[in-house]
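Novice: mind looking at a prediction? Sequence and model below.
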Amino acid sequence: QVKEKGKGHYRFYRTEMNEAFPNYILMEAHLRKAIEKNEFIMHYQPQVNLLDGKIKSFEALIRWNNRKFGFVSPAQFIPLAEETGLIISIGEWVIHTVCEQLAIWRKKGFKDIRVAINISPKQLLDPNLPTIIKKALLFYQLPASSIEIEVTEGAMEDTRNALSMLQRLKEIGIVISVDDFGTGYSSLNYLKRFPIDIIKIDQSFVKEIQVNEKDAAITKTIINLAHNLGMEVIAEGVEESDQVQFLISAQCLKAQGFYFSRPVSADEIEKNVLCI
Ligand code: C2E
Ligand code: MG
Ligand code: MG
Ligand code: MG
């Protein structure tokens, strides 16, 4: 690990990050300006009901196109945004952009759509988060039920703060899902205590569902766990029809993945998904 001492403060840069990004510090400078330079756009990935094929919800995924770095994956810049605190303003931009899009779709007649927004751990612990979301809902005249937030298990390790935050968001009427379930600090205790509506099965389990017996067993167990707790369940990273068949036979009724659609622009969602 490399430690950077600055004026009275220091930060940790993880070694892998330095290896992956020799221009890590330069990238931070560009990330800092990305909102004002209009370099972000949101893409949306359909979530498909496996029984009737209907699509009523989407996951919003941020995209960054920078002049120097080109397209940068969120898997790369979101951790950087977390470490630098930029995630708070980027997260607020995401919330506003998604709400604006929902308002546009509602005006065009697509009313019962829900969009899931990824919320990173630092954002979840930001005491202003409920106000930011409430203001956006009010400004764009949206029902709270049109917004879902996805939180990872890592965000829930700070149990007390995460619990009170999720309760506040739940009171507003927002749908709450656990993202990448099973890959982090999986505690059945938080499934019991937290107001969780949906469990998202991580794509690492779905990937080899047909060939790996353990992945198959874990996936089935997560599906049953969700249902026994009265929660919904959705499988991520579905790329093949065999996976769809497996999921249907295991009673998982919702999925998202390249098999159905990659994350695409709002325009493409309108042209290819909402019109049908
Ligand atoms: P995630 O929330 O678990 O999102 C799922 C990731 O899997 C997305 O990658 C998506 O493009 C990808 N994916 C979807 N279907 C398939 C498939 O069938 N096969 C494969 N191999 N991949 C699939 P993406 O867009 O690169 O995002 C990576 C991560 O970055 C997200 O993981 C999420 O943790 C984070 N992220 C993305 N957008 C946002 C955002 O607006 N805010 C925050 N805080 N985090 C975000
Ligand atoms: Mg997600
Ligand atoms: Mg995920
Ligand atoms: Mg993920």
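Specialist: Okay, I see it. Residues are numbered from 1 along each chain as shown. Ligands and ions are numbered 1, 2, ... in the order given.

Novice: just the C-alphas of the longest strand out of those in the chain, formatted as CSV.
Specialist: Longest among the strand segments of the chain by residue count, using DSSP state E, is strand 55-66. The C-alpha trace of strand 55-66 is given here as CSV (Å, rounded to 0.1, in the frame of the first residue of the first chain):
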residue,chain,number,x,y,z
ILE,A,55,-40.2,-5.2,-18.4
LYS,A,56,-41.3,-2.8,-15.8
SER,A,57,-38.0,-1.9,-14.1
PHE,A,58,-34.5,-1.0,-15.0
GLU,A,59,-31.2,-0.7,-13.3
ALA,A,60,-29.5,2.7,-13.8
LEU,A,61,-25.7,2.4,-14.5
ILE,A,62,-23.5,5.4,-14.9
ARG,A,63,-21.1,5.8,-17.8
TRP,A,64,-18.1,8.2,-18.0
ASN,A,65,-16.6,9.4,-21.3
ASN,A,66,-13.5,11.5,-20.6
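
Novice: anything in the helix or strand that it is followed by near ligand 1?
Specialist: For strand 55-66, the following helix or strand on the C-terminal side (DSSP states H and E) is strand 70-72. No - for a cut-off given as C-beta under 6 Å from any ligand atom, strand 70-72 has no contacts with ligand 1; the smallest distance is 9.9 Å. (C-beta placed from N, C-alpha, C; glycine too.)

Novice: dump the residue contacts of the most centrally placed residue in the chain.
Specialist: The residue lying closest to the centre of the chain (C-alpha atoms, centre = their mean) is Asn118, at 2.8 Å. Under the criterion of C-beta atoms under 8 Å, 6 or more residues apart in numbering, the contact list for Asn118 reads Glu59, Ala60, Leu61, Ile62, Val94, Ile149, Glu150, Asp179.

Novice: returning to what we had before: helices and strands around the longest strand of the chain, which ones?
Specialist: strand 40-49, strand 70-72, helix 74-84, helix 87-107, strand 114-118 (3 or more C-beta pairs under 8 Å, 6 or more residues apart in numbering; DSSP states H and E).

Novice: direction included, what does it pair against?
Specialist: Here strand 55-66 is paired, per DSSP bridges, with strand 40-49 (antiparallel), strand 70-72 (antiparallel), strand 114-118 (parallel).

Novice: if we can go back for a sec, between the contacts of Asn118, which sits nearest His30?
Specialist: Nearest to His30 among the contacts of Asn118 is Ile62, at 14.8 Å by C-beta to C-beta.

Novice: ok, for the closest one, nearest residue in space, not its chain neighbours?
Specialist: Pro74 (5.3 Å; C-beta to C-beta, 6 or more residues apart in numbering).

Novice: near ligand 1, which residues of the chain?
Specialist: Checking the chain against ligand 1 by C-beta under 6 Å from any ligand atom, the hits are 45, 60-62, 73-75, 78, 91, 94, 118-120, 150, 179-180, 203, 236-239, 256-258, 263.

Novice: filter these down to the buried ones.
Specialist: Among the residues of the chain next to ligand 1, those that count as buried by neighbour count (16 or more other C-beta atoms under 10 Å) are 45, 60-62, 74, 78, 91, 94, 118-120, 150, 179-180, 203, 236-238, 256-257, 263.

Novice: sorry, back to before: so which of the strands paired with strand 55-66 comes closest to ligand 3?
Specialist: Closest approach to ligand 3 among the strands paired with strand 55-66 is made by strand 114-118 (7.9 Å; C-beta to the ion).

Novice: what's the following helix or strand after the closest one?
Specialist: helix 121-124.

Novice: so what touches stretch 62-70?
Specialist: Contacts of stretch 62-70 (C-beta under 8 Å, 6+ apart): 23, 26-27, 30-31, 34, 39-43, 71-72, 74, 77-78, 90, 94, 118.

Novice: these: which ones sit near ligand 2?
Specialist: Contacts with ligand 2 within the contacts of stretch 62-70, counted by C-beta under 5 Å from the ion: Asn118.

Novice: just the buried ones from the contacts of stretch 62-70?
Specialist: Using 16+ other C-beta under 10 Å, the buried ones in the contacts of stretch 62-70 are 27, 30-31, 34, 39-40, 42-43, 72, 74, 77-78, 90, 94, 118.

Novice: which one of those residues is nearest to Phe110?
Specialist: Among those, and counting by C-beta to C-beta, the member closest to Phe110 is Met42, at 16.0 Å.

Novice: perfect, that will be all.
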